[in-house]
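Q: Return a 3D structure for these sequence lines:
(chains A and B)
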Amino acid sequence: MSADKGSGTRIIILGATSGIAEATARIWAAQGGRLVLVARDGARAEAIAADLKVRGAEEADVVALDLAKADAAAELDAMVAKLGGLDIVLLAYGALGDQKTLETDPTAARALIETNFTSASAWCIAAANRFEAQKSGALLVIGSVAGDRGRQSNFIYGATKAGLAALVEGIAHRLAPTGARAVLIKPGFVDTPMTAAIPNKGALWAKPEAVGAIIARAAQKGRPVVYAPGFWRLIMLIVRNVPAAIFHKTKL
Amino acid sequence: MNAASRFVERGDVLSWGRVVRRPQRLARPHFADELPALLDDPAATDSLLAIGLRRSYGDSGLNSEGAVIDMTGLDHFIAFDAGTGLLRAEAGVSLSQVLQLVVPKGWFLPTTPGTRFVTLGGAVANDVHGKNHHRAGSMGCHVTRLGLLRGDGERLELSPEENAGLFAATIGGLGLTGVIEWVELKLAKIGSAFLDVEIIPYGSLDEFWALAEESTERFEHTVAWADCMPAGRGRGVFSRANWTYEGDYKAHGDRAWKNMPVDLPGFTLNKLSVSAFNEFYFRAHRWKAGRVRQHYSVFFYPLDAIHNWNRLYGKRGMLQFQCVVPWASARPAMDALMAAIAQSGQASFLTVLKTFGDIASPGLMSFPRPGATLALDFPNRGEETLALMGRLDAITREAGGALYPAKDGRMSREMFRLSFPRWEEFAQAKDPKMNSDFWRRMAA
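A: Presented below is the predicted three-dimensional model:
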């Protein structure tokens, strides 16, 4: 057991039932972390909490909450009071949505934007305020490579993640002098329940365990923007720089 | 596929032998609350089967006419008491995951098959056995409770005391009594992660029997690799081991050092290459004969170091054969089996010979029983291979033996019924909603 490194680390996971969040939580649990799992589905979060305790978590408490509708600042305060401090916040919730539905149903599009961007921003801002004041801590936010360039197949989802990227970038800038950090993690294709309906997963697909390991490392040190796995930095560099005249001929 | 279905049709869902190639409708849930909806899914109208890491070789883990639930996403631990070694976990947790958790705390699986890439659910459904069968019996002997979701949505807890009949049918029940949701089992205490291993090359089956007999009392783990090619027939390498107190409690790493990314050409494993390999293997072991301290991953799971080693057998896949023959007829039966293989001109690459003890499993359909077991694998050469297996069946039958469904893809109904005399009792306990390609062949 790697008992010392990370032992007792106080961690809040927003969207704890997501595949990537759970894979990351297992790493923190094995290090003896103290975790608060926030998720809408309390029963699923309880199953994860029991698992994390067996894996070595010093604590794993569940807060059943609709993150998209909650009062972020007040809820965060309550969780921190219970934990007696805060070292890491991982924001991992978000909906993928179906692009075609979102294009024709403005209510659905608005709901997706509110969940993925508006509510996520409120949690990020609340965490940033706390980390700035205490001059320590790491805010880890799961974005997406879809936010790097708008594409016809998922630009509404992509736009919410692009917005979040700018927000986290700004928070990282603001926190830089204090010693606290903010990191945007941009996973590529990850084989999780969110993407279960996509058939024929090829070589570009990563396992959530691999992405979780990258996130746990990013909590310790590294750049403010982390691609997961790292090769996506190169892929997205190319994708971003393809001239529109050519890009528009693709079906991406 | 119906848009409302949670199942996706997949062409890449194969069993370990890679012979049967029929599309499977598959769903991969992550939480137990997702399971009831899968029972009512339109894709599962015909039938359902919960499957794990697909290490069964033939068709017992496939359900081409209905749907399959890939249980590997249900991989949560539920409870572990490091004082008593009692572990409860969801059925999709693999033996590999269990070991990574419990070895550093001084515990090990009560028994283990030759791969750690097996789920707990699969280990129970096939009542797997290991090199310590003569001391520990099969996996089912150590299961204290399990959770079963029946096809009608009822959730049951089974134990040797509670719902004992269904418990007995579920141990070794090939997933046909319902969806095994979680398993509770009693682990075994170890003194370190290492074993004292003794490697003894032997020249004939007579020597094997003598070694097996003298080793049973003194060694917790025994197994032999056997050569059944004409050039070296009867010889082999016997290994026997005990856990040692010398060493730390280091669990195995996650990474395999090799992967077999593609199917090798079908002719790779032939008489000549296997004979050459056997010669090499035998000589190498004669050279390193003696005592050696090995980590459990080296002793129990040598093949796990090569991911997808089954692709060694080429596109047509491989057929496994594993039988057990009772003591009364064991010696002549093994002689006859070895002779039949040598005469056939076909090559079994990984031949394993072992004696079973007399600890009875609670399972109605458990495979291990007192006697000796022989496991063979043959590259699939169609009729020729099936004909050889038919001859091996006849010898097994004559000897009053049995075949192992997890290793089968072609046994006859008759052979199945002779192997499992309580099959009718089992058929009564089978859940009408559950089915598999194997069971359709056996029950038709």
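
Q: Mind giving me the packing neighbours of whichever strand or helix holds residue A:81?
A: Under the criterion of DSSP states H and E, residue A:81 resides in helix A:72-83. Under the contact definition 3 or more CB pairs under 8 Å, 6 or more residues apart in numbering or on different chains; DSSP states H and E, helix A:72-83 sits against strand A:10-14, strand A:34-39, strand A:59-64, helix A:120-134. All C-beta atoms are positioned from the backbone trio N, CA, C, and that covers glycine.

Q: how far off strand A:10-14 does that helix point, in degrees?
A: Going by axes from the mean of the first three to the mean of the last three CA atoms, to 10 degrees, helix A:72-83 is angled at 140 degrees with respect to strand A:10-14.

Q: Show me what helix A:72-83 is in contact with.
A: With contact meaning CB atoms under 8 Å, 6 or more residues apart in numbering or on different chains, helix A:72-83 is reached by A:10, A:12, A:34, A:36, A:38, A:61, A:63, A:65, A:86, A:89, A:119, A:122-123, A:125-127, A:129-130.

Q: For that helix, give the mean pLDDT please.
A: Average pLDDT, helix A:72-83: 97.

Q: Could you do stretch B:274-292 as well?
A: In the prediction, stretch B:274-292 has an average pLDDT of 80.

Q: rewinding a little: and the contacts of helix A:72-83, which are buried?
A: A:10, A:12, A:34, A:36, A:38, A:61, A:63, A:65, A:86, A:89, A:119, A:122-123, A:125-127, A:130 (16 or more other CB atoms under 10 Å in any protein chain shown).

Q: what's the helix or strand where residue B:387 lies packed up against?
A: Following DSSP H and E, one finds residue B:387 within helix B:383-398. Packing contacts for helix B:383-398, counted by 3+ CB pairs under 8 Å, 6+ apart, involve strand B:318-325, helix B:327-344, strand B:371-379, strand B:402-403, helix B:413-419.

Q: what sits up against it?
A: B:319, B:321, B:323, B:325, B:329, B:333, B:336-337, B:340-341, B:344, B:346, B:376, B:378-379, B:402-403, B:410-412, B:415, B:418.

Q: Do you know the pLDDT at residue A:5?
A: pLDDT, residue A:5: 63.

Q: And the helices in chain A?
A: Remark: helices assigned in chain A by DSSP state H are A:19-30, A:42-54, A:72-83, A:99-104, A:106-113, A:120-134, A:155-175, A:208-220, A:231-241, A:244-247.

Q: winner for burial among these?
A: Stretch with highest mean neighbour count among those: helix A:19-30 (a mean of 25; mean count of other CB atoms under 10 Å in any protein chain shown).

Q: quick one, what contacts residue 164?
A: Since no chain was named, I'll use chain A. Contacts of residue A:164 (CB under 8 Å, 6+ apart): A:116, A:117, A:120, A:121, A:124, A:141, A:143, A:147, A:184.

Q: um, chain B though
A: Residue B:164 neighbours (CB under 8 Å, 6+ apart): residue B:158.

Q: how close does it get to residue B:157?
A: Distance of residue B:164 to residue B:157, given as CB to CB, to the nearest Å: 12 Å.

Q: From residue A:44, how far off is the one residue in the stretch 151-252 of chain A that gets nearest to chain B?
A: Closest residue of the stretch 151-252 of chain A to chain B, CB to the nearest CB: residue A:193 (5.4 Å). Residue A:193 is 10 Å from residue A:44, where distance means CB to CB.

Q: got it, and residue B:41?
A: Note on residue B:41: its distance to residue A:44, by CB to CB, is 20 Å.

Q: which regions of the chain lie under the pLDDT threshold?
A: All of this is about chain A. Within chain A, the stretches with pLDDT under 70 are A:1-5, A:197, A:199-200.

Q: wait, chain B
A: Ranges of chain B meeting pLDDT under 70: B:1-3, B:255-262, B:265-268.

Q: For it, which residues are neighbours of chain A?
A: B:8, B:10, B:28, B:30-33, B:73, B:76-80, B:89, B:101, B:104 (CB under 8 Å from any CB of the partner chain).
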